[in-house]
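A.B. asks: starting from these lines, generate the structure:
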Amino acid sequence: MAEPVDSRASIAGAVVLLVLGTAIWGVGLLSRAWFAGLFVFVGWYAFHSLYHRPGRRGLAQNGILLVASLGVCLVVAELTLRVWNRQTARSAAFAHYFQSWPQRPNIYRFVPHVHATVDAYGDIANMSGAPAGAHTHPVEFQTDARGFRNQPGADQQPLDLVVLGDSYAAGLSVTQSKSWSRLLARNHDLAVYNMGVPGGPWNSYANWSFTGPELTVKPGAVMLLMLFEGNDLYDYYGPMDLTKLPRMTPWLRVHYRTSEFRRGAVIPDMLHRAIVGAGTERTVLVRRSVDDEDVLYLGSYAERVLATREQLAQAFNLGNMQQVISHLQAAADARDMRLVVVALPSKERVYLWHLTQQPAWSEPQGAQDSPFAGLVGDYCRERQIEVLDMTPVLRQAAENHYTFSGGLLWWPEDTHWNEGGNAFIAEYLGRYLYGHSPAGPSPIPGLPDSPPEPAAP
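C.D. replies: Numbering: from 1, shown residues only. Okay, here's the model as predicted:
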């Protein structure tokens, strides 16, 4: 005799699977919403078909109970791993403190009012898939009420210097007090406000456009824009007319917060590393240093170091970056500020000889020149904008330091400067911008007591 059809069981099964699918998708275990929809539909169809077959009702009930149990375990495991990750060593890029600005979802800043000290490892080590073996170092990380890496109240005084740029400008990967902007402020008794956050030049322009008018700057204050050859031609650029940016609505806030939460999924990242780990050499290049330790380089940055000026001139975002410079020039002029554009080389360019496994400091002729800095320099000089190419400066400093001690100005497992690199940048920019160096010896061994004379603007 056939068992009676029970529509309530089908509805209950659909509800269980819908809740489970939503939870699994919500914590980032499924990359697409339609994957969750497919999971719910296939699961419900299988349950419904089995439940209404003679003698299969018990199998259907046990099956959905098993699926639900496994799903709950995965969700709990994911949330537990997230908590564990936040309490242990993490990448010094501090991506978990990086979010869309609550007022404009296309603009990014740090989470405000953060003050944490963690044992951090390099961002390339994180990309390599083996951060567990990476060297860690303590990093103090603090943000102000606006979501920038400053001490609280740094914006409540007339400013001598405002810093714009990406993670290099923010001084990521070193503890707050040893970041270059803090050293510069302390060494030269300056009021400095650092608006650097990870991201491209457009993000800096947008952040200044909304926050700059609220800051008090001294006449002749410096607006320092750092541009990085590694990715500033490849980052996101939004509309130059910022009135076209969408305002944050309750729906958009939920959407962006959900997206940011899902991007932090741990289990999919672990699975990805386990499956494609053998191919990570295409992303991360490992070279052995003189002290028999691994030095990691980013594959994409290495490819861009080899790009010619003609190739970079064809980059889709070159025009967008130039527009950012022009808009910031107009903004600086309107506030009686001195705009200084600083072109930064990547670790892959400064240590190209090591990356390509050549004798020390024996790059081919012309390899020391940065086509990126050349394009930026030409554009700025045409518009009488002050520009500084840090490629020859950092390359000479790196050679001096390496020759003296075998050390680097970058962390071996990171794309960013170490404490010595930050100290040199602070000392050099202090001399360039303000015409003098702090008293006392050079902050890193192997460098002269004073940095080399800066090139004329």
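
A.B. asks: most centrally placed residue in the protein?
C.D. replies: Pro198 (4.0 Å; CA atoms, centre = their mean).

A.B. asks: what's the closest non-adjacent residue to that residue?
C.D. replies: With CB to CB, 6 or more residues apart in numbering as the criterion, Pro198 has its nearest non-adjacent residue at 4.4 Å, and that residue is Ser167. All C-beta spots, glycine's among them, are computed from the backbone N, C-alpha and C.

A.B. asks: and for the one you found, the neighbour number?
C.D. replies: Counted with other CB atoms under 10 Å, the neighbours of Ser167 add up to 23.

A.B. asks: pLDDT score for Phe365?
C.D. replies: I think there's a mix-up here, since residue 365 is Gln and not Phe. We have a pLDDT of 65 for Gln365.

A.B. asks: same thing with Pro250?
C.D. replies: 80.

A.B. asks: number the chain from 4, please
C.D. replies: Sure, I'll start numbering at 4, so the last one becomes Pro253.

A.B. asks: does Ala157 sit in a helix, a strand or a coil?
C.D. replies: coil (DSSP: H, G, I helix; E, B strand; the rest coil).

A.B. asks: who's in contact with it?
C.D. replies: Listed by CB atoms under 8 Å, 6 or more residues apart in numbering, the contact partners of Ala157 are 147, 194-197.

A.B. asks: now, these that are in strands?
C.D. replies: 195-197 (DSSP state E).

A.B. asks: and the furthest pair within the contacts of Ala157?
C.D. replies: By the measure CB to CB, Asp147 and Ala194 form the most distant pair in these, at 13.6 Å.

A.B. asks: and the gap between Glu351 and Thr359?
C.D. replies: Separation of Glu351 from Thr359 (CB to CB, to the nearest Å) stands at 10 Å.

A.B. asks: those two: which has the busier surroundings?
C.D. replies: A side-by-side neighbour count of Glu351 and Thr359, using other CB under 10 Å, places Glu351 first with 25 against 17.

A.B. asks: in what helix or strand does the more buried one lie?
C.D. replies: With elements taken from DSSP states H and E, the one containing Glu351 is helix 350-353.

A.B. asks: pLDDT of that helix, averaged?
C.D. replies: Per-residue scores along helix 350-353 average to 95.

A.B. asks: kindly indicate which of the contacts of Ala157 lies nearest Leu245.
C.D. replies: Nearest to Leu245, judged by CB to CB, of these is Tyr196 at 20.3 Å.

A.B. asks: let me know whether the closest one touches Asp163 as I believe.
C.D. replies: No: counting by CB atoms under 8 Å, Tyr196 stays clear of Asp163, with 9.1 Å between them.

A.B. asks: who has more neighbours, the two?
C.D. replies: Neighbours were counted for Tyr196 and for Asp163 using other CB under 10 Å; Tyr196 has more, 25 against 20.

A.B. asks: doesn't Val289 fall inside a helix?
C.D. replies: No: counting by three-state DSSP, Val289 is not part of a helix but strand.

A.B. asks: that one against Leu299, yeah?
C.D. replies: Yes: between Val289 and Leu299 there is a contact under CB under 8 Å: 5.9 Å.

A.B. asks: between those two, who's got more neighbours?
C.D. replies: Leu299 (22 against 13).

A.B. asks: and that one, how far from Arg107?
C.D. replies: 35 Å.

A.B. asks: kindly report the same for Val353.
C.D. replies: 35 Å.

A.B. asks: about what we covered before: which secondary structure elements does the helix holding Glu351 contact?
C.D. replies: Using 3 or more CB pairs under 8 Å, 6 or more residues apart in numbering; DSSP states H and E, the elements in contact with helix 350-353 are strand 297-301, helix 302-308, helix 394-408.

A.B. asks: which helices and strands does the second one pack with?
C.D. replies: Counting contacts by 3+ CB pairs under 8 Å, 6+ apart, the secondary-structure elements packed against helix 302-308 are strand 287-291, helix 350-353.

A.B. asks: helices or strands up against the biggest strand by length in the chain?
C.D. replies: Longest strand in the chain, counting residues (DSSP E): strand 220-231. In terms of contacts (3+ CB pairs under 8 Å, 6+ apart), strand 220-231 is packed against strand 162-167, helix 170-173, helix 204-214, helix 321-337, strand 341-347, helix 422-437.

A.B. asks: what's the mean pLDDT across that strand?
C.D. replies: Strand 220-231 shows a mean pLDDT of 97.

A.B. asks: likewise stretch 376-396?
C.D. replies: pLDDT averaged over stretch 376-396 gives 96.

A.B. asks: try stretch 333-346
C.D. replies: 97.

A.B. asks: check stretch 291-300 too.
C.D. replies: Across stretch 291-300, the per-residue pLDDT values average to 79.

A.B. asks: do stretch 166-178 as well
C.D. replies: With pLDDT averaged residue by residue, stretch 166-178 scores 95.

A.B. asks: kindly check the end-to-end length of that stretch for me.
C.D. replies: Using CA to CA, to the nearest Å, the end-to-end distance of stretch 166-178 comes to 18 Å.

A.B. asks: and what of stretch 172-190?
C.D. replies: One end of stretch 172-190 to the other measures 17 Å (CA to CA).
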